[in-house]
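Q: here's my sequence, what's the structure:
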Amino acid sequence: MKAYTVHLRRSGLDSDNDIVLVMEGFCWGACVLSLIWALWHRMWLVALGLAGVSVVVNALIYILGMDVSTGYFSSVGIAILIGLVANDLRRWSLARLGFVDSGVALGDNQDEALARFLDDAPALAKEII
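A: Numbers count the residues shown, from 1 in each chain. Predicted coordinates:
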């Protein structure tokens with residue numbers, strides 16, 4: 001089972017747009033394709049920050065005259081760090097958009113976790129329907 005944090009934005013409470021589940025733990029998509037991952041989730045400031053980090057790291061590798069293997073391992077290390085904090089960055093972005101962290105839900109996938117969350121909050125489930 002996976003753990004998800006549930007984020008709600010109560011302006012009208014449209015189930016397609018105002019409920020977001022974010023998985024806890026490492027994010028492989030952000031580790032491998034960090035900039036594309038951020039753009040996919042419409043996290044514009046995070047994408048700008050990731051692009052800036054990439055430019056700075058590559059410039060430092062070039063300025064310091066690191067060999068190819070050191071540059072490679074530095075890039076892999078940064079990608080792992082991004083994968084570790086990616087979902088926290090997503091939560092931060094959701095908070096900036098007015099979403100409130102409303103709890104944790106468990107499930108094998110997002111749909112099951114949301115169903116379990118709504119089973120524990122029947123008043124919220126009535127608002128959505």
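Q: which helix is the longest one in the protein?
A: helix 68-96 (DSSP state H).
Q: show the average pLDDT along it.
A: Helix 68-96 shows a mean pLDDT of 93.
Q: show me the shaky parts of this structure.
A: 11-17, 122-129 (pLDDT under 70).
Q: buried residues, stretch 38-50. List them.
A: 38, 41, 43, 46-47, 50 (16 or more other Cβ atoms under 10 Å). All C-beta spots, glycine's among them, are computed from the backbone N, C-alpha and C.
Q: typed the wrong thing, it's stretch 24-42
A: 27, 30-31, 34-35, 37-38, 41.
Q: and stretch 64-82, by the same measure?
A: Buried, per 16+ other Cβ under 10 Å, within stretch 64-82: 71, 74, 78, 82.
Q: distance to Val100 for these - can I get that in TSV?
A: Shown next, in TSV, are those (distance: Cβ to Cβ, whole Å):
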residue	distance to Val100
Gly71	42
Ser74	37
Ile78	31
Ile82	25
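Q: from those residues, which single one is nearest Gly65?
A: Nearest to Gly65 among these: Gly71, at 10.0 Å, using Cβ to Cβ.
Q: residues touching the closest one, list them.
A: Ile61 (Cβ atoms under 8 Å, 6 or more residues apart in numbering).
Q: kindly report the same for Ala95.
A: By Cβ under 8 Å, 6+ apart, the neighbours of Ala95 are 7, 101.
Q: cool, Ser102 as well?
A: Applying Cβ under 8 Å, 6+ apart, the residues contacting Ser102 are 6-8.
Q: endpoints of stretch 37-46, how far apart?
A: 10 Å (Cα to Cα, to the nearest Å).
Q: scratch that, stretch 101-112
A: Start and end residues of stretch 101-112 are separated by 18 Å (Cα to Cα).
Q: buried residues in that stretch?
A: 102, 105, 107, 110.
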